[in-house]
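S.K.: this is the structure alone, sequence omitted:
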């Protein structure tokens, strides 16, 4: 029997987390630098800035190692699944990695669909921002707003997904 994953609140008290919630988003540039991170749910563990940086650089390193040691050409780490959470990575042609974590359980839609929608939001609100410099930390308010709207639409069960996050 599977138990529901546990989350930790701000006081360190552990509680039961709802199945199928998106937890965290990380975006890592091609050099392995963390350029964006956001908790997507109240059930996500609260991490310090150093924890975020450590997780981002560790994933980038493991991703590179997986590509190098594979006996055949490999795209690196695509998914990690445990009994309590899922992690999925989408790498763009330019080497940018979008990493999404979610609690274990059924997700509608799948992580790869949401990652594609996040990439579309990144393209629309970050890359088209004249003040954004590539590979630098993402500080684009419209991206964060539309990302939050997208994730909230899924957490509330709205079937519209990215359409809910479209421009007004």
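M.R.: Sure, I can see it. All figures in this text were calculated on a predicted structure; none of them were measured in a lab.

S.K.: give the buried residues for stretch 126-140.
M.R.: Neighbour-count burial for stretch 126-140, counted by 16 or more other CB atoms under 10 Å, picks out 126, 138, 140. Backbone N, C-alpha and C define where each C-beta goes, glycine included.

S.K.: I'd say residue 100 and residue 114 touch.
M.R.: Yes. Using CB atoms under 8 Å, residue 100 makes contact with residue 114 at a distance of 6.1 Å.

S.K.: which residues do those two both contact?
M.R.: Between them, residue 100 and residue 114 share these contacting residues under CB atoms under 8 Å, 6 or more residues apart in numbering: residue 22.

S.K.: between the two, who's got more neighbours?
M.R.: More neighbours surround residue 114 than the other of residue 100 and residue 114, with 25 against 22 (other CB atoms under 10 Å).

S.K.: can you pull the contacts of the more buried one?
M.R.: Taking CB under 8 Å, 6+ apart, one finds 22, 100, 150-151, 154, 161 in contact with residue 114.

S.K.: and residue 29, how close does it get to residue 81?
M.R.: For residue 29, the distance to residue 81 (CB to CB, to the nearest Å) stands at 25 Å.
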